[in-house]
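A.B. asks: sharing a sequence plus its predicted fold:
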Amino acid sequence: QVQLVESGGGLVQAGGSLRLSCAASGSIFPINTMGWYRQAPGNQREFVAVILSGGSTNYADSVKGRFTISRDNAKNTVYLQMNSLKPEDTAVYYCNAHIATPLNLRGMDYWGEGTLVTVSS
């Protein structure tokens with residue numbers, strides 16, 4: 001069973017930085033995409049950033065220029081470097097991995113349990 005374990009959340013002042021990590025384990029197939037989503041209290045989960053296995057990236061407009069996603073394919077680990085944090089970035093951040101297999105070409109999404117990021121003003 002695929003497991004995703006996030007780390008790196010915490011409390012930071014506005015303007016500060018945090019780095020999130022997410023390590024995936026249990027997959028015998030390559031991980032196609034890895035990404036980050038977040039959910040603030042009272043809001044729906046929203047897309048933050050994604051990185052393909054080849055290194056292409058995409059970001060939500062709200063984080064462009066401030067957040068950087070990267071991955072280490074050898075370690076099945078994805079990172080999210082968050083700079084210039086704002087109070088509105090406060091949320092639980094969830095790691096996502098999308099894995100396709102020969103029996104399921106559409107693939108499946110796997111999620112971590114989330115890590116809380118709190119940005120104080």
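C.D. replies: Perfect, I can see it now. Numbers count the residues shown, from 1 in each chain.
A.B. asks: residues near residue 12, how many?
C.D. replies: Counted with other Cβ atoms under 10 Å, the neighbours of residue 12 add up to 17. C-betas here are computed from N, CA, C, even on glycine.
A.B. asks: who does it bridge with?
C.D. replies: residue 119 (DSSP bridges).
A.B. asks: pretty sure it contacts residue 116?
C.D. replies: No. With contact defined as Cβ atoms under 8 Å, residue 12 does not count as touching residue 116 (11.3 Å).
A.B. asks: need the strands for this structure, in chain order.
C.D. replies: All strands of the chain, identified by DSSP state E, fall at 3-7, 10-13, 18-25, 33-39, 46-52, 57-59, 67-72, 77-82, 91-101, 104-111, 115-120.
A.B. asks: and for the closest residue to residue 91 other than its chain neighbours, the neighbour number?
C.D. replies: Nearest residue to residue 91 in three dimensions, chain neighbours excluded: residue 38, at 3.8 Å (Cβ to Cβ, 6 or more residues apart in numbering). The number of residues packed near residue 38 is 23, by other Cβ under 10 Å.
A.B. asks: same thing with residue 41?
C.D. replies: Residues near residue 41, counting by other Cβ under 10 Å: 7.
A.B. asks: just the one 4 residues further on next, same as before
C.D. replies: The burial metric for residue 45, expressed as a neighbour count using other Cβ under 10 Å, is 15.
A.B. asks: in contact with it, which residues?
C.D. replies: Contacts for residue 45 (Cβ atoms under 8 Å, 6 or more residues apart in numbering) come out as 37-39, 94.
A.B. asks: show me which of those residues is closest to residue 62.
C.D. replies: Nearest to residue 62 among the contacts of residue 45 is residue 38, at 9.9 Å by Cβ to Cβ.
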